[in-house]
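A.B. asks: Got a predicted structure here, sequence first:
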Amino acid sequence: MASQEPMGWSNDSIDQRGSQISMAELLELCREIDESWNEEAIIEQWNDFYLTDSGFLKMRLIDDWVHVDMLSVLPKYRGGRVARDLIGAAEETASALNLRGVCFETIIPHFFSRLGYKALGILPGFARGKDLTVMSKEIERNV
C-alpha cells in the first residue's frame, strides 16, 4: 500500500480535533527532536500531523504500516497519559485502515515496551549520541 492520507485528517479538521496548541509550541516541540524544523516545513507536511492541546504526533502510511515520524508532549503535560493517547491514535488509524501495525524509532524503548511494542533493532549512538531503537507492534486485523 502506498503512502496515503490518514482518515479524517486535513488542514480543515484542526478545529474538529480540539487542538489549542500554537504554531510556536508545535515548532518548539519539533525542534527538540530535529533542529532543522521551521514553519514552512510544518505547513508543507501539515496533513501528517495529529495535534492535541498537549502534544502532537506526526505519522504517515508506508506500505502496510503506520509509521510514526515524531511524537512529542508539551513539557507541562509530560509524565501523564498524553504519549500513550497519541500512540493510541496511531494504533486506531492502523486498525481503522486494516493495516499490519505501527512502527517507529525511539530513544525511550522501555516506555513503548510497556505498551506492547517490540524492539526490532538498535542503531548505537544514532540520535545525538543516544541509541535509537526501531520498534513495532502488530495490530489485530479485520479479516
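C.D. replies: Alright, I've got the coordinates.

A.B. asks: Can you spell out which helices and strands pack onto the top helix by length along the chain?
C.D. replies: When the chain is scanned for its longest helix (criterion: DSSP state H), the result is helix 82-96. Taking 3 or more C-beta pairs under 8 Å, 6 or more residues apart in numbering; DSSP states H and E as contact, the helices and strands that helix 82-96 lies on are strand 49-51, strand 55-62, strand 65-73, strand 101-106. For every residue, glycine as well, the C-beta is placed using N, CA and C.

A.B. asks: Any idea which of those gets closest to residue 112?
C.D. replies: If you check each of the helices and strands packed on helix 82-96 against residue 112 by C-beta to C-beta, strand 101-106 wins as the nearest, at 5.9 Å.

A.B. asks: contact partners of that closest one?
C.D. replies: Applying C-beta atoms under 8 Å, 6 or more residues apart in numbering, the contact partners of strand 101-106 are 65-69, 71, 87, 90-91, 94, 112, 117, 120, 123, 127, 132-139.

A.B. asks: swap in stretch 111-124?
C.D. replies: 83-84, 87, 102-106, 109, 131-137.

A.B. asks: Tell me the one of those residues nearest residue 58?
C.D. replies: For residue 58, the nearest member of the contacts of stretch 111-124 is residue 104. The distance, counting by C-beta to C-beta, is 10.2 Å.

A.B. asks: How much space separates that closest one from residue 73?
C.D. replies: Here the criterion is C-beta to C-beta, to the nearest Å. By it, residue 104 lies 15 Å from residue 73.

A.B. asks: Pull out the buried members of the contacts of stretch 111-124.
C.D. replies: Those of those that meet the buried threshold are 83, 87, 102-106, 109, 132-133, 135-137, by 16 or more other C-beta atoms under 10 Å.

A.B. asks: Now pLDDT too, for those residues, in CSV please.
C.D. replies: Output for those, formatted as CSV (pLDDT from 0 to 100):
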residue, pLDDT
83, 94
87, 96
102, 97
103, 97
104, 96
105, 95
106, 94
109, 96
132, 92
133, 96
135, 97
136, 98
137, 98
